[in-house]
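**Student:** Got a sequence here, can you build the structure:
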Amino acid sequence: MMAKRMLDCCASDFAGFSKEELLESVRRSEGRVLLCETIGTVRPMLGDVTNAEFVAAMGADFLLLNMFDVHAPKIEGLPAGKPEDTVQLIKQLTGRPVGINLEPTDVGEEEQTDPLWQMSAGRRATLENARRACDMGVDLILLTGNPGMGVSNEAIETTLKLYREELGDRVILAAGKMHAAGVLAEAAEQIMTKDDVRRFREAGADVLLFPAPGTVPGITMEYVRELVAFAHGLGALTITAVGTSQEGADTDTIRRIALMCKMTGTDIHHLGDTGYTGMALPENIQAYSVAIRGIRHTYHRMAASVRR
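**Tutor:** Next up is the predicted model:
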(Lines give C-alpha, C1' and ligand atoms only; values in the text may rest on other atoms or scores of the structure.)
Protein backbone atom coordinates (compact mmCIF):
# COMPACT_ATOMS: atom_id res chain seq x y z
CA MET A 1 0.00 0.00 0.00
CA MET A 2 1.36 3.40 -1.01
CA ALA A 3 1.85 6.09 1.61
CA LYS A 4 -0.71 8.89 1.72
CA ARG A 5 0.44 12.14 0.21
CA MET A 6 1.70 14.49 2.90
CA LEU A 7 -1.04 17.00 2.06
CA ASP A 8 -3.59 14.55 3.47
CA CYS A 9 -1.60 13.20 6.42
CA CYS A 10 -2.34 13.77 10.08
CA ALA A 11 -0.29 13.12 13.21
CA SER A 12 -1.08 9.40 13.41
CA ASP A 13 0.03 8.92 9.80
CA PHE A 14 3.38 10.58 10.44
CA ALA A 15 3.90 8.56 13.62
CA GLY A 16 3.55 5.30 11.70
CA PHE A 17 5.65 6.13 8.64
CA SER A 18 8.92 4.42 7.82
CA LYS A 19 11.69 6.41 6.16
CA GLU A 20 10.63 5.23 2.70
CA GLU A 21 6.97 5.94 3.38
CA LEU A 22 7.81 9.48 4.48
CA LEU A 23 9.81 10.07 1.29
CA GLU A 24 6.98 8.62 -0.80
CA SER A 25 4.48 10.85 1.01
CA VAL A 26 6.52 13.90 0.02
CA ARG A 27 6.93 12.68 -3.55
CA ARG A 28 3.19 12.14 -3.98
CA SER A 29 2.43 15.70 -2.82
CA GLU A 30 3.81 17.10 -6.09
CA GLY A 31 5.71 20.11 -4.84
CA ARG A 32 3.32 21.17 -2.08
CA VAL A 33 5.27 20.35 1.10
CA LEU A 34 6.35 23.17 3.41
CA LEU A 35 9.28 22.71 5.80
CA CYS A 36 9.92 25.41 8.40
CA GLU A 37 13.14 25.86 10.34
CA THR A 38 13.23 27.12 13.90
CA ILE A 39 15.79 27.93 16.58
CA GLY A 40 14.95 26.63 20.03
CA THR A 41 17.73 28.32 22.00
CA VAL A 42 16.21 31.80 21.76
CA ARG A 43 13.08 33.21 23.40
CA PRO A 44 10.06 32.03 21.40
CA MET A 45 8.05 34.64 19.53
CA LEU A 46 5.02 33.81 21.68
CA GLY A 47 6.93 33.46 24.94
CA ASP A 48 5.58 30.23 26.42
CA VAL A 49 4.81 28.45 23.12
CA THR A 50 7.73 26.98 21.21
CA ASN A 51 8.59 28.32 17.78
CA ALA A 52 8.16 24.75 16.50
CA GLU A 53 4.54 24.77 17.65
CA PHE A 54 3.98 28.21 16.15
CA VAL A 55 5.24 27.32 12.66
CA ALA A 56 3.21 24.10 12.76
CA ALA A 57 0.11 26.11 13.62
CA MET A 58 0.76 28.41 10.62
CA GLY A 59 0.89 25.52 8.15
CA ALA A 60 4.29 23.81 8.24
CA ASP A 61 4.19 20.12 7.26
CA PHE A 62 7.72 19.31 8.40
CA LEU A 63 9.85 20.88 11.15
CA LEU A 64 13.60 21.48 11.03
CA LEU A 65 15.42 22.31 14.27
CA ASN A 66 18.46 24.54 13.79
CA MET A 67 21.17 25.03 16.44
CA PHE A 68 19.96 21.79 18.05
CA ASP A 69 22.67 20.29 20.27
CA VAL A 70 22.09 16.56 20.65
CA HIS A 71 24.22 16.50 23.82
CA ALA A 72 22.36 19.38 25.46
CA PRO A 73 18.99 19.70 23.72
CA LYS A 74 17.26 22.96 24.49
CA ILE A 75 13.92 24.20 23.19
CA GLU A 76 12.72 27.35 24.93
CA GLY A 77 9.02 27.19 25.78
CA LEU A 78 8.94 23.39 25.88
CA PRO A 79 7.39 21.79 28.99
CA ALA A 80 9.90 20.19 31.34
CA GLY A 81 11.03 16.68 30.47
CA LYS A 82 14.03 14.43 30.02
CA PRO A 83 16.58 15.86 27.54
CA GLU A 84 16.61 12.65 25.53
CA ASP A 85 12.83 12.97 25.03
CA THR A 86 12.99 16.47 23.53
CA VAL A 87 12.36 15.46 19.92
CA GLN A 88 9.53 13.10 20.86
CA LEU A 89 7.87 15.84 22.91
CA ILE A 90 8.05 18.23 19.95
CA LYS A 91 6.41 15.54 17.83
CA GLN A 92 3.65 15.01 20.39
CA LEU A 93 2.89 18.72 20.60
CA THR A 94 2.96 19.40 16.86
CA GLY A 95 2.06 16.12 15.17
CA ARG A 96 4.80 16.71 12.59
CA PRO A 97 7.92 14.86 11.43
CA VAL A 98 11.10 16.50 12.74
CA GLY A 99 14.55 17.02 11.25
CA ILE A 100 17.72 18.64 12.57
CA ASN A 101 20.77 20.30 11.07
CA LEU A 102 24.22 18.82 11.64
CA GLU A 103 27.27 20.69 10.39
CA PRO A 104 30.36 18.92 8.98
CA THR A 105 33.02 21.35 10.14
CA ASP A 106 36.19 20.73 12.11
CA VAL A 107 37.23 22.53 15.26
CA GLY A 108 38.90 25.82 14.32
CA GLU A 109 37.37 26.12 10.85
CA GLU A 110 34.66 28.56 11.91
CA GLU A 111 34.96 32.27 11.17
CA GLN A 112 34.32 34.95 13.75
CA THR A 113 30.58 35.35 13.54
CA ASP A 114 27.55 36.41 15.56
CA PRO A 115 27.59 34.65 18.97
CA LEU A 116 24.18 33.22 18.08
CA TRP A 117 25.80 30.87 15.55
CA GLN A 118 28.77 29.82 17.70
CA MET A 119 29.44 26.11 17.23
CA SER A 120 28.92 23.53 19.96
CA ALA A 121 30.03 19.90 20.11
CA GLY A 122 26.51 18.52 19.80
CA ARG A 123 25.89 20.29 16.49
CA ARG A 124 28.88 18.89 14.65
CA ALA A 125 28.22 16.21 12.04
CA THR A 126 29.97 13.38 13.83
CA LEU A 127 28.80 9.80 13.65
CA GLU A 128 28.15 9.79 17.39
CA ASN A 129 25.88 12.83 17.07
CA ALA A 130 23.99 11.33 14.15
CA ARG A 131 23.39 8.09 16.05
CA ARG A 132 22.19 10.05 19.05
CA ALA A 133 19.81 12.03 16.82
CA CYS A 134 18.37 8.78 15.43
CA ASP A 135 17.92 7.42 18.96
CA MET A 136 16.03 10.60 19.87
CA GLY A 137 13.55 10.01 17.04
CA VAL A 138 14.78 12.46 14.40
CA ASP A 139 13.28 11.71 10.96
CA LEU A 140 15.72 13.71 8.84
CA ILE A 141 19.32 14.92 9.17
CA LEU A 142 20.29 17.87 6.99
CA LEU A 143 24.01 18.25 6.40
CA THR A 144 24.51 21.98 5.86
CA GLY A 145 26.22 25.01 7.38
CA ASN A 146 25.13 28.04 9.35
CA PRO A 147 26.67 31.43 8.51
CA GLY A 148 30.46 31.51 8.82
CA MET A 149 30.82 27.85 9.82
CA GLY A 150 33.22 26.97 7.00
CA VAL A 151 31.24 23.96 5.76
CA SER A 152 32.50 22.80 2.35
CA ASN A 153 30.76 20.57 -0.17
CA GLU A 154 33.65 18.13 0.10
CA ALA A 155 33.04 17.79 3.84
CA ILE A 156 29.34 17.22 3.23
CA GLU A 157 30.11 14.45 0.71
CA THR A 158 32.52 12.70 3.07
CA THR A 159 29.99 12.79 5.90
CA LEU A 160 27.20 11.49 3.68
CA LYS A 161 29.26 8.42 2.81
CA LEU A 162 29.91 7.71 6.48
CA TYR A 163 26.29 8.20 7.50
CA ARG A 164 24.89 6.05 4.70
CA GLU A 165 27.26 3.21 5.59
CA GLU A 166 26.73 3.39 9.35
CA LEU A 167 23.11 4.50 9.69
CA GLY A 168 21.51 2.62 6.82
CA ASP A 169 17.81 3.39 6.56
CA ARG A 170 17.33 4.77 10.08
CA VAL A 171 16.96 8.37 8.89
CA ILE A 172 16.42 10.49 5.78
CA LEU A 173 19.68 12.11 4.70
CA ALA A 174 19.46 15.56 3.13
CA ALA A 175 22.41 17.67 2.00
CA GLY A 176 23.17 21.06 0.51
CA LYS A 177 23.70 24.72 1.34
CA MET A 178 21.38 27.72 1.44
CA HIS A 179 24.30 30.17 1.19
CA ALA A 180 28.10 30.00 1.13
CA ALA A 181 28.29 29.11 4.86
CA GLY A 182 31.69 30.80 5.17
CA VAL A 183 33.29 29.20 2.07
CA LEU A 184 33.60 32.05 -0.45
CA ALA A 185 34.95 29.76 -3.16
CA GLU A 186 31.53 28.08 -3.06
CA ALA A 187 29.44 31.24 -3.25
CA ALA A 188 26.80 32.32 -5.79
CA GLU A 189 26.51 29.80 -8.68
CA GLN A 190 29.15 27.58 -7.05
CA ILE A 191 27.07 26.90 -3.92
CA MET A 192 25.61 23.82 -5.59
CA THR A 193 26.52 22.51 -9.04
CA LYS A 194 25.43 19.46 -11.02
CA ASP A 195 28.68 17.80 -10.03
CA ASP A 196 27.85 18.40 -6.36
CA VAL A 197 24.38 16.94 -6.92
CA ARG A 198 25.83 13.81 -8.53
CA ARG A 199 28.46 13.34 -5.83
CA PHE A 200 26.02 13.92 -2.97
CA ARG A 201 23.52 11.49 -4.46
CA GLU A 202 26.17 8.82 -5.01
CA ALA A 203 27.36 9.36 -1.43
CA GLY A 204 23.91 8.57 -0.08
CA ALA A 205 21.74 11.71 -0.05
CA ASP A 206 17.99 11.06 -0.29
CA VAL A 207 17.22 14.78 -0.63
CA LEU A 208 19.29 17.59 -2.21
CA LEU A 209 18.95 21.17 -0.98
CA PHE A 210 19.44 24.26 -3.16
CA PRO A 211 19.06 28.00 -2.50
CA ALA A 212 15.67 29.27 -3.58
CA PRO A 213 15.66 31.49 -6.68
CA GLY A 214 16.02 35.13 -5.72
CA THR A 215 17.74 34.48 -2.40
CA VAL A 216 21.43 34.17 -3.28
CA PRO A 217 23.12 36.45 -5.87
CA GLY A 218 23.10 34.80 -9.29
CA ILE A 219 20.66 32.02 -8.37
CA THR A 220 17.80 32.21 -10.88
CA MET A 221 14.73 30.07 -11.37
CA GLU A 222 16.24 28.58 -14.54
CA TYR A 223 19.48 27.67 -12.76
CA VAL A 224 17.71 25.90 -9.91
CA ARG A 225 15.27 24.19 -12.30
CA GLU A 226 18.21 22.52 -14.05
CA LEU A 227 19.59 21.27 -10.72
CA VAL A 228 16.19 20.01 -9.59
CA ALA A 229 15.62 18.15 -12.86
CA PHE A 230 19.11 16.63 -12.62
CA ALA A 231 18.50 15.50 -9.03
CA HIS A 232 15.13 13.98 -9.95
CA GLY A 233 16.84 12.11 -12.78
CA LEU A 234 19.10 10.52 -10.17
CA GLY A 235 16.11 9.47 -8.06
CA ALA A 236 16.51 12.11 -5.33
CA LEU A 237 14.00 14.55 -3.88
CA THR A 238 14.80 18.25 -3.58
CA ILE A 239 14.41 21.20 -1.23
CA THR A 240 14.54 24.84 -2.26
CA ALA A 241 15.59 26.91 0.74
CA VAL A 242 14.99 30.49 1.84
CA GLY A 243 17.93 30.83 4.20
CA THR A 244 18.98 34.45 3.68
CA SER A 245 16.64 36.13 6.19
CA GLN A 246 14.16 36.81 3.37
CA GLU A 247 11.73 34.74 5.38
CA GLY A 248 11.38 38.13 7.05
CA ALA A 249 10.63 40.02 3.81
CA ASP A 250 7.22 41.39 2.85
CA THR A 251 4.54 38.91 1.83
CA ASP A 252 4.65 39.96 -1.84
CA THR A 253 8.33 38.99 -2.01
CA ILE A 254 7.58 35.67 -0.29
CA ARG A 255 4.84 34.86 -2.79
CA ARG A 256 7.17 35.61 -5.70
CA ILE A 257 9.86 33.34 -4.28
CA ALA A 258 7.27 30.63 -3.61
CA LEU A 259 6.02 30.60 -7.19
CA MET A 260 9.56 30.62 -8.61
CA CYS A 261 10.36 27.62 -6.41
CA LYS A 262 7.20 25.87 -7.61
CA MET A 263 8.33 26.45 -11.19
CA THR A 264 11.68 24.80 -10.50
CA GLY A 265 9.84 21.54 -9.82
CA THR A 266 11.06 21.20 -6.24
CA ASP A 267 9.46 18.72 -3.85
CA ILE A 268 9.91 20.58 -0.54
CA HIS A 269 9.79 24.32 0.15
CA HIS A 270 11.93 25.54 3.06
CA LEU A 271 11.52 28.73 5.07
CA GLY A 272 14.38 29.71 7.37
CA ASP A 273 14.52 30.76 11.00
CA THR A 274 15.41 34.44 11.04
CA GLY A 275 12.38 36.46 10.04
CA TYR A 276 12.94 37.64 13.53
CA THR A 277 15.51 35.44 15.23
CA GLY A 278 13.98 32.01 15.80
CA MET A 279 11.46 31.49 12.98
CA ALA A 280 10.01 32.93 9.80
CA LEU A 281 7.39 35.64 10.11
CA PRO A 282 4.10 33.79 10.76
CA GLU A 283 2.26 35.75 8.07
CA ASN A 284 4.94 34.68 5.56
CA ILE A 285 4.52 31.00 6.42
CA GLN A 286 0.83 31.25 5.67
CA ALA A 287 1.38 33.37 2.55
CA TYR A 288 3.94 30.90 1.20
CA SER A 289 1.63 27.97 1.88
CA VAL A 290 -1.31 29.61 0.14
CA ALA A 291 0.87 30.47 -2.87
CA ILE A 292 2.00 26.88 -3.46
CA ARG A 293 -1.19 24.96 -2.54
CA GLY A 294 -4.11 27.30 -1.93
CA ILE A 295 -6.39 28.07 0.99
CA ARG A 296 -7.96 24.61 1.25
CA HIS A 297 -4.74 22.69 1.92
CA THR A 298 -3.32 25.51 4.03
CA TYR A 299 -6.30 25.67 6.37
CA HIS A 300 -6.51 21.88 6.53
CA ARG A 301 -2.94 21.69 7.79
CA MET A 302 -3.48 24.54 10.23
CA ALA A 303 -6.75 23.15 11.61
CA ALA A 304 -6.11 19.40 11.93
CA SER A 305 -5.73 18.31 15.56
CA VAL A 306 -2.60 16.50 16.74
CA ARG A 307 -4.97 13.90 18.24
CA ARG A 308 -6.09 12.71 14.80
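**Student:** can you pull out the strands in the stretch 101-250 of the chain?
**Tutor:** 140-143, 172-176, 207-211, 237-242 (DSSP state E, counting those that start in this stretch).
**Student:** With respect to E30, which of these lies nearest?
**Tutor:** Of all those, it is strand 237-242 that lies closest to E30, at 11.7 Å by Cβ to Cβ. Quick note: C-beta positions are derived from backbone N, CA and C, even for glycine.
**Student:** pLDDT wise, what is the residue nearest to K19 when sequence neighbours are not counted at?
**Tutor:** Computed as Cβ to Cβ, 6 or more residues apart in numbering, the closest residue to K19 that is not its neighbour in sequence is D169, at 5.2 Å. Per-residue confidence (pLDDT) for D169: 93.
**Student:** Then the one 5 residues further on?
**Tutor:** Per-residue confidence (pLDDT) for A174: 98.
**Student:** Could I get the contacting residues of the closest residue to it other than its chain neighbours?
**Tutor:** Leaving aside its sequence neighbours, A174 sits nearest to V207 (Cβ to Cβ, 6+ apart; 3.8 Å). Contact analysis of V207 by Cβ atoms under 8 Å, 6 or more residues apart in numbering lists L23, L140, I172, L173, A174, A175, A236, L237, T238, I239, D267, I268.
**Student:** tell me which of these is nearest to T298?
**Tutor:** Looking across the contacts of V207 and measuring by Cβ to Cβ, the closest to T298 is I268, at 15.9 Å.
**Student:** tally of neighbours for the closest residue to the closest one other than its chain neighbours?
**Tutor:** Nearest non-adjacent residue to I268, counting by Cβ to Cβ, 6+ apart: I239, 4.3 Å away. Neighbour count of I239, defined by other Cβ atoms under 10 Å: 29.
**Student:** Can you report phi and psi for C9?
**Tutor:** Note on C9: backbone dihedrals following degrees, to the nearest 10 are phi -80, psi 150.
**Student:** pLDDT wise, what is it at?
**Tutor:** On the pLDDT scale, C9 is placed at 96.
**Student:** Wait, the residue nearest to K19 touches E20, no?
**Tutor:** Yes: contact criterion Cβ atoms under 8 Å: D169 and E20 qualify, at 7.3 Å.
**Student:** Would you mind giving the secondary structure of E37?
**Tutor:** Look at E37: counting by DSSP: H, G, I helix; E, B strand; the rest coil, its state is strand.
**Student:** quick one, what contacts it?
**Tutor:** By Cβ under 8 Å, 6+ apart, the neighbours of E37 are L63, L64, L65, N66, N101, G243, H270, L271, G272, D273, M279, A280.
**Student:** and the residue nearest to K19, how far is that from G204?
**Tutor:** Plainly put, D169 is 11 Å away from G204 if you go by Cβ to Cβ, to the nearest Å.
**Student:** between those two, which one's more packed in?
**Tutor:** G204 (18 against 11).
**Student:** Please report how far the closest residue to that one other than its chain neighbours lies from D206.
**Tutor:** Counting by Cβ to Cβ, 6+ apart, G204 lies nearest to R164, which is 2.8 Å off, once chain neighbours are set aside. Applying Cβ to Cβ, the value for R164 to D206 is 9 Å.
**Student:** what is in contact with the two at once?
**Tutor:** Common neighbours of R164 and D206, counting by Cβ under 8 Å, 6+ apart, are L173.
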